[in-house]
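**Student:** Pasting the sequence and the predicted model now:
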Amino acid sequence: MAAALVASLTAPVIAVVPARGQEAKQEAKQEPNPADITPPWGTFPKAGAGIELAGELVAVDHINRRFALRLDGDFDMYRDCKLKATLLPYGEVWYHGAPADLADIPLGTRLHGRFLLPPKDVAPRELKTDEEKRFPPPLHDHALVIEDGFSHERRRGRALRIDKIDVKPGEYGHGDKRFSFPGGSVVLTQVQASGQPLDGPPDTLKDAIYTVDASTRVWKDGRPGTLADLAVGQVVQANLGWTPDWATGQFHGLDIWTDEKSCEVAAEQQRQLHLRRIRLYWLPGWVEKVDYGPDGRGLLTVTYFAGMDRQIYEEIEMRNAFRFLKRTDHRLRIIGGGEGDLGSGVHVTKWRDVDPAPPPGSSGITHEIEVSVQQHQEGFRPGRFIRSSSLSWPQAIMPPEWRLRFPAPPENDRASLLD
């Protein structure tokens, strides 16, 4: 497979729309767009489906692919207004410009995402408190893509320029006990990655305030730096987090990368973490079609999900026919998979041409896989989920929390530590 073609599989396929900010509060009152409804399993959503939301990551249940965001502008000391969301089976996670898992992203990080409405067979979320009923979260709570600010800006060829720095050597204490705590703010303007002005208006929140202090991690030349390394005119990437004035558009600088080398180091570290995880947990996808032969053998048409590093796709596309499949539920947790259970040994009979323009959630890579009568499992049916190995990957036994004795029914879709 041509390297350029494989490289095209790694970019998140979400449309760029302005951050919604306060508009997110009104979204639940609007008539939903039918195209935004998550399609039945086995069908990917259409390009451009869903809405874009942003907010602070406040809770995660990575095993069940659940998380919660405090949306931009949503904060009041008397109420708890969060978007409790589900990451779709084919949903992508990006952190530091590389593929990631929900477990990789620290709580408190401001994320951007594209969200769909729930599938038709999933009941709407029950609003349990008076505050939730008064301030209902958006109906779109199934994530197609979530990414940190670093990934969001670099994916679109954008960055932030430091236009002003106001950092003072702050001090606090009482009597003889004094403690220094430098802090202040910076003025950031969204620009092209080259530093040139944008062709159109920025999509950052208007008049946002960005604070920094001794807790802000500054990166220079691929190494940790200090606030003294920040300078007016620098073109940087930044990850943001919560501040006490979150509701009025104030953000805190969690990390600031001052040069390309620092960005590349951060991305490569995350990429290596991702490669290790997928080689151990295997590449997810689903069964699109099953054809049965006269002798009972099955021919599965399997499509793998998007959001992986191109090296993973190159390894899964190696022309070695034998591999293993494990069945999973919609949360991609292994069904079975205990000691001595390596999955079903199968053979790839056909490597289809890679789709150069796959729909959101799809890698564009489809294999036709032959399963013998002895290796065929109930879970190998259209719309069901699998994880596939490459022959070179370890035959690892998943941790207990990742294994299921039986698949969970759809009505348990919202059952998680967040409920």
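**Tutor:** Now that the structure is in, tell me what you want to look at. Numbers count the residues shown, from 1 in each chain.

**Student:** mind listing the helices for the stretch 1-150 of the chain?
**Tutor:** With DSSP state H, counting those that start in this stretch applied, the stretch 1-150 of the chain shows helices at 3-7, 23-27, 130-134, 149-155, listed in chain order.

**Student:** same check, this time on the stretch 301-419 of the chain
**Tutor:** Listed in chain order, the helices found in the stretch 301-419 of the chain under DSSP H, counting those that start in this stretch are 310-316.

**Student:** pLDDT below threshold where in it?
**Tutor:** Per-residue confidence for the stretch 301-419 of the chain (pLDDT under 70) gives these ranges: 337-341, 373-375, 406-419.

**Student:** domains in the protein, as residue ranges please.
**Tutor:** The record's domain parsing of the chain by automatic domain parsing lists 3-154, 158-265, 274-412.

**Student:** I'd like these laid out as CSV, including mean neighbour count.
**Tutor:** Using the backbone N, CA and C atoms, a C-beta is placed for each residue, glycine as well. Formatted as CSV, the entries for these read as follows, by neighbours: other Cβ atoms under 10 Å:
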stretch, mean neighbour count
domain 3-154, 19
domain 158-265, 16
domain 274-412, 17
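
**Student:** Can you flag the weakest of those domains by average pLDDT?
**Tutor:** Within the domains of the chain, the stretch with the lowest mean pLDDT is domain 3-154, showing a mean of 80.

**Student:** quick one: that one to chain centroid distance?
**Tutor:** If you compare the mean C-alpha spot of domain 3-154 with that of the full chain, they lie 9 Å apart, counting by Cα atoms, centre = their mean, to the nearest Å.

**Student:** same thing with stretch 363-382?
**Tutor:** 27 Å.

**Student:** From start to finish, how long is it in a straight line?
**Tutor:** Across stretch 363-382, the straight-line distance between its terminal residues is 18 Å, by Cα to Cα, to the nearest Å.

**Student:** ok, now which ones touch the residue lying closest to Gly383 once chain neighbours are set aside?
**Tutor:** With Cβ to Cβ, 6 or more residues apart in numbering as the criterion, Gly383 has its nearest non-adjacent residue at 3.5 Å, and that residue is Gly42. Under the criterion of Cβ atoms under 8 Å, 6 or more residues apart in numbering, the neighbours of Gly42 are Trp286, Val287, Glu288, Pro382, Gly383.

**Student:** again, only this time at 7 Å
**Tutor:** Gly42 sits next to Trp286, Glu288, Pro382, Gly383 when contact means Cβ atoms under 7 Å, 6 or more residues apart in numbering.

**Student:** Out of those, name the ones that lie in strands.
**Tutor:** Trp286, Glu288 (DSSP state E).

**Student:** could the contacts of Gly42 go into JSON lines alongside distance to Val58?
**Tutor:** Formatted as JSON lines, these follow (distance: Cβ to Cβ, whole Å):
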{"residue": "Trp286", "distance to Val58": "30"}
{"residue": "Glu288", "distance to Val58": "36"}
{"residue": "Pro382", "distance to Val58": "37"}
{"residue": "Gly383", "distance to Val58": "32"}
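
**Student:** Return the closest of the contacts of Gly42 with respect to Thr328.
**Tutor:** Trp286 (9.2 Å; Cβ to Cβ).

**Student:** could you point out the longest strand in this protein?
**Tutor:** Secondary structure of the chain read by DSSP E shows that its longest strand is strand 83-95.

**Student:** Distance check, the residue nearest to Gly383 against Ser362.
**Tutor:** Taking Cβ to Cβ, to the nearest Å as the measure, Gly42 and Ser362 are separated by 11 Å.

**Student:** Repeat that for Gln311.
**Tutor:** Counting by Cβ to Cβ, the gap from Gln311 to Ser362 is 18 Å.

**Student:** Identify the residues contacting Gly113.
**Tutor:** Under the criterion of Cβ under 7 Å, 6+ apart, the contact list for Gly113 reads Glu52, Leu53, Ala143, Val145, Ile146.
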